[in-house]
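my questions concern the predicted model and sequence given below.
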Amino acid sequence: MFKHILIPTDGSELATQAVDKGIALAAGTGAAVTVMIVTEPFRILSTDSMQVESTRASYDADATAHADRILQAARAKAEAAGVSVRTHHKWHDSPYEAIIDTALAEGCDLIAMASHGRRGMAAVVMGSQATKILTHSKIPVLVYR
C-alpha cells in the first residue's frame, strides 16, 4: 500500500478534516505523512483580504504564525496516532506546483487533500488547487470532499 502520504492543507475546516482522514489512512497502513501548507508571497495588488489589510512585514509574520499553528496541530494529531510526521511551510506563487514538487522531493506515493468543491464562476475566478494537482500530478491523488 502507501508508504508516504503528502497532506497539503490551508487550515480551513475542510482541509483540517482531510488532514484527520489522511492521518487515519496513514495509521491504518503504516505510512508516514508529510503535512504542508503553501503561502503565496505578498503582493501589492491582491484580492486576498489578508494581503490587502497588511504591510509586507505584517503579512509575512501573520502568515508564518498561521502556518505554524496549523502544522503544529497536524503534527500533534499524527504523533498521537503513532504516525511518523514531517511538516513544511512553503512560499510559492503557485500552490499546486509547490505541492507536487514537495511530493516528488519527499518521495511521497500519495497526495491526500480536500477539495472545496467550488463550481461555476467561483471555480473560474478562484481556481481549484485540487483540480490543478489532479491534472498535473503523476503521483496518485486522493481527494476528500
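Received the coordinates, thanks. Numbering: from 1, shown residues only.

ok, residue 142 - contacts?
If you count contacts by Cβ atoms under 8 Å, 6 or more residues apart in numbering, residue 142 has them with 22, 25, 110-113. Where you see a C-beta, it was placed from the backbone N, CA and C, and this is true even at glycine.

ok so it is a helix residue?
No - Residue 142 sits outside any helix when classified using DSSP: H, G, I helix; E, B strand; the rest coil, being strand.

that one and residue 91: what is the separation?
When Cβ to Cβ, to the nearest Å is the yardstick, residue 142 and residue 91 sit 25 Å from each other.

before we move on, back to that, please flag which of the contacts of residue 142 sit within helices.
Among the contacts of residue 142, the ones falling in helices (DSSP state H) are 22, 25.

okay if I get the contacts of residue 142 as TSV plus distance to residue 138, pLDDT and neighbour count?
Converted to TSV, the contacts of residue 142 look like this (distance: Cβ to Cβ, whole Å; pLDDT from 0 to 100; neighbours: other Cβ atoms under 10 Å):
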residue	distance to residue 138	pLDDT	neighbour count
22	19	98	29
25	20	98	20
110	12	98	23
111	11	98	24
112	16	97	24
113	16	95	25
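
how about the strands in the chain?
4-8, 32-39, 85-91, 110-114, 141-144 (DSSP state E).

what lines up beside the last one in the sheet?
Think strand 141-144. Listed by DSSP bridges, the sheet partners of strand 141-144 and their directions read strand 110-114 (parallel).
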